[in-house]
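In: please find the sequence and the predicted model below.
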Amino acid sequence: MAAFYDDNTIEEIRSRADIIEVLSQYLTLKRSGSNFKGLCPFHKEKTPSFMVSPERQIYKCFGCGEGGNVFTFLMKIDGLTFGEAVRTLGKRYGVELRSSGSTADRESVRKRERLFEINRRISAYFQRTLADVSTGVPGLEYLLARGVSDEAIRKFEIGYAPEGWDNLLVKFGKNERDREALLELGLIIKKPRGGFYDRFRRRIMFPIVDIAGNVRGFGGRILPSVSDDKEGGAEPKYLNSPETPLYHKGRLLYGLNVAREAIRGEGFVALVEGYMDVIGLFDAGIRNVVASLGTALTPQQCRLIKRYTEHPVVFFDSDGAGTTASLRSFEVFSNEGLSPRALRIEEDKDPDDYVRRVGADEARKSLASASPYPEFLIKETIKRHNPTSIDGKLKVMKEVLPHLAKLETQVEIDHYTEMLAESLSIDATAVFHELYKLRRGGKVKGEITGPSSLEFWGDECGLLRLVLLDGDMLHQASEVVDLELITSSFLRDALNFCFFSHREGRTPDLSALLDHVDSDEKRELLTKLAFCKVSEVDKRKFSTLLDRLRRRSTANQARDVHKRCLAAISSDGAQDKDSLELWTEFMRLKKTAVLK
C-alpha cells in the first residue's frame, strides 16, 4: 500500500503533520533549548532522554536508541505499516490521498478502501441494532447476563445481528456491485439455487479491528437460546468471517487496538483464546489482553505482539486442547525471539471464569508470576507420563530435551536441566549427558552470522555529520568530495541525497531521508548524528578528514593491485610484462597510502 501514494502526497502530509503536535498526543513534551524533551514511550525511564527537533521534524531517544520522523513514530507506537501511517496522518490533516503506480494499482487501492468503508458501515449497523430496544433486547440480555459493561460494549464496538435471512442484503446489497462486495467480504452466502442470505443471524457481533482502526472482519457468538436454524442442523457456537481480501485471521489479534497501550505499560501481554475472555478480563481491569482468533498461533501474530512487548503470557483454557495449544504456541514464540510464559488454571474452564472467581488483583498477580515456558513444559509433560517408570522418564526426556537444547544461555540450560532431573528423580549428570549428545548431533537452531553488516567507518560518519548540520560544510563538501571514496553504500546514498538537495537549492530534509531507510540501526545512526553539534574545530579538521578518506581509498586500490600482481606472477617466479606493470602501479599507490 505504501508504494501507491505519490511523493507529493507524502510530502504534503509531512509538511502539515507537525511532529510536536503529533507526538504530544502520546507523551508530554517540554521545551529544552531549540528542541523538546520528554520521557521515552518506547522504554521505561525516570529521566527524560527523548528529544524532538521541530526544525528537522525528527525525534531521537538517547536511552534506547529509537529515532525517526513522524511516520516512523506512528509505525512504532501504533504498530502500523508505512502505508497505514500515511493514511492515518492524511485523514487526520485533511490531505487527499493521491495514488501513484499503474491504473490497476490505483483501482486496487480504491477497491480496498471501499471494502473497508462497507465493513465500517455494517459494524455501525450491528451496534445500532444492539442499542435499539425493538431489535437488540436478546443481545443485551445475553451481555448483561455475562456481566459485560457498557464501557466494554463501546470500546470493543460490540453489536448484534438480528433474526432474519436478508437484513444485510436489504440494507446494503441493493445493486449487483454492492452484493458482490458483501459476498467478497463474507457477509452474505450464495445459495446453491441462486440468491443470497446473511451469514450472521441471531448473534452477538464482535468486529475485528486492526491497529489503524479498520474493521477487517467479524466474529459472531450465537445466543444460548438458539440451538438450530430454520433449515435444521446445529449452528456453530462461534462463527467468524472467512478469509477475505481484508481478513486473514493468522495476521490479526482480537483486541490489540484496545490493549496496545496497556501492554506497553504492563510490560507483557496475556494471550487468550476467545472474544469473551478478552472482554471479561477488560471489565475486571486487566487491559493488556488479546485473543488469537481461534487459530493456532502464527509467526505473523508473534510479530504483531513483538511490536509492543517480548513477554507474552499464554492464558488458554484449562482443558486438554488448551494445554496442547499452549505448548504449540511456545515454539512459535521462541522462534520469533520472544520469551513466553504460561498461566495454568486448574479449577476453572477459561480465563473469564478464573477472574470472576479469584478477582482482578489475584489474577493480575498470577499473570505477573506466570511460569516460564521451559518450566511449564516440564510440568505438563510429566503429567502425561508416568515419571516413576523408566519408560515414562524416557518419554518425558524425549519430549522436553529438544526444547531445552534451543535455550539461548548456559544459565537457562543448567537451571532447567537440573529442574527436569529433579522432577524425574534421576541424576542431573545423566540428563546433561543426553542433552549435550542432542546438541552435538541435532540441527543448529539458527544461522550463525558474522558481525553486523552495518559497520560504518568513523570518518564517513564524521563527514555526514558535518554535511547534515552545517550549510557551509555542505556546500564545501558537495564541491570536493568524490562519493566513490565512501565505502558504505548507505552513507554514500545519504551524502548523495544531501548533495543533490543542495545543488537543487534546497536544505536536505532529514525527515524525508528517513522514509527511505530500511533498518532501525541505520535510522538510529542518522537521528543520532542529527542531534550532534558542529564546532569550529570540527570545520577546521575537514581537510584532514577528507585526506584520510582519500588515503584509505588509495590503500584499498593498492591492496587490490598487489593481489592482481601476485596472481600474475607465474608459479616459477617469472614476471611477465603485465606483472611488472602491476608492480609499478602498486609501488606508485603505496607511496601515497599507509598500508596496514
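Out: Everything's here; your move.
In: and the gap between F490 and C461?
Out: Distance of F490 to C461, computed by C-beta to C-beta, to the nearest Å: 11 Å. Just so you know, the C-beta spots here come from the backbone N, C-alpha and C atoms, and that holds for glycine as well.
In: okay, strands next: where are they in the stretch 201-350 of the chain?
Out: Taking DSSP state E, counting those that start in this stretch as the criterion, the stretch 201-350 of the chain contains strands spanning 203-209, 215-222, 238-240, 269-272, 289-291, 312-314, 341-342.
In: wait, which of these is closest to Y247?
Out: Distance to Y247, taken as C-beta to C-beta, is lowest for strand 215-222 among the strands of the stretch 201-350 of the chain, at 3.3 Å.
In: re the thing from before, neighbour count for F490 and C461, which is higher?
Out: F490 (20 against 17; other C-beta atoms under 10 Å).
In: wait, a helix at the more buried one?
Out: Yes: using DSSP: H, G, I helix; E, B strand; the rest coil, the assignment for F490 is a helix.
In: what sits closest to it if chain neighbours are left out?
Out: K522 (5.7 Å; C-beta to C-beta, 6 or more residues apart in numbering).
In: now what about the strand or helix carrying Q476, what contacts it?
Out: Using DSSP states H and E, Q476 falls within helix 471-480. Under the criterion C-beta atoms under 8 Å, 6 or more residues apart in numbering, residues 463, 466-468, 495, 498-499, 502-503, 507-508, 534, 539, 542, 546 lie in contact with helix 471-480.
In: do the same with stretch 127-140
Out: Counting by C-beta under 8 Å, 6+ apart, residues outside stretch 127-140 touching it are I153, E157, I158, G159, Y160, A161, P162, R202, I204, M205, L223, S225.
In: report the separation between the third one and L89.
Out: With distances defined as C-beta to C-beta, the gap from I158 to L89 amounts to 29 Å.
In: how about the secondary structure of H43?
Out: Classified using three-state DSSP, H43 is coil.
In: quick one: it and G63 touch, right?
Out: Yes: the criterion here is C-beta atoms under 8 Å, and H43 meets it with G63 at 6.1 Å.
In: what values do phi and psi take at C61?
Out: phi -100, psi 120 (degrees, to the nearest 10).
In: how many neighbouring residues does it have?
Out: Quick note: C61 (other C-beta under 10 Å) scores 23 neighbours.
In: contacts for stretch 29-42, please.
Out: So stretch 29-42 is contacted by 20, 23, 26-28, 45-46, 48-55, 61, 63-64, 66, 76-77, 264, 531 (C-beta under 8 Å, 6+ apart).
In: start to end distance for it?
Out: End-to-end span of stretch 29-42 (C-alpha to C-alpha, to the nearest Å): 15 Å.
In: who touches F172 in this structure?
Out: F172 neighbours (C-beta under 8 Å, 6+ apart): I118, R121, I122, Y125, D178, L182, L187.
In: nearest residue to the second one other than its sequence neighbours?
Out: The reference is to R121. That would be F172: by C-beta to C-beta, 6+ apart, it lies 7.0 Å from R121.
In: how far away is the one you found from S123?
Out: Taking C-beta to C-beta, one finds F172 at 12 Å from S123.
In: of all the strands of the stretch 201-350 of the chain, which one is nearest H516?
Out: strand 215-222 (29.0 Å).
In: just give me how far the closest one sits from the chain centre.
Out: Here strand 215-222 shows a centroid-to-chain-centroid distance of 24 Å under the convention C-alpha atoms, centre = their mean, to the nearest Å.
In: kindly report the same for stretch 547-556.
Out: 41 Å.
In: give me the longest helix you can find in the chain.
Out: helix 103-131 (DSSP state H).
In: mind exporting the strand or helix carrying D459 as PDB, just the C-alpha atoms?
Out: Using DSSP H and E, D459 sits within helix 458-469. Once non-C-alpha atoms are left out, helix 458-469 reads as follows in PDB (Å, rounded to 0.1, in the frame of the first residue of the first chain):
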ATOM      1  CA  GLY A 458      34.200   6.700  11.700                       C
ATOM      2  CA  ASP A 459      35.400   9.300   9.100                       C
ATOM      3  CA  GLU A 460      32.500   8.600   6.800                       C
ATOM      4  CA  CYS A 461      30.100   9.200   9.700                       C
ATOM      5  CA  GLY A 462      32.000  12.300  10.600                       C
ATOM      6  CA  LEU A 463      31.600  13.700   7.100                       C
ATOM      7  CA  LEU A 464      27.900  13.000   7.100                       C
ATOM      8  CA  ARG A 465      27.600  14.800  10.400                       C
ATOM      9  CA  LEU A 466      29.200  17.900   9.100                       C
ATOM     10  CA  VAL A 467      27.100  17.900   5.900                       C
ATOM     11  CA  LEU A 468      23.800  17.400   7.900                       C
ATOM     12  CA  LEU A 469      24.400  20.100  10.500                       C
END
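In: buried stuff in it?
Out: Neighbour-count burial for helix 458-469, counted by 16 or more other C-beta atoms under 10 Å, picks out D459, E460, C461, G462, L463, L464, R465, L466, V467, L468, L469.
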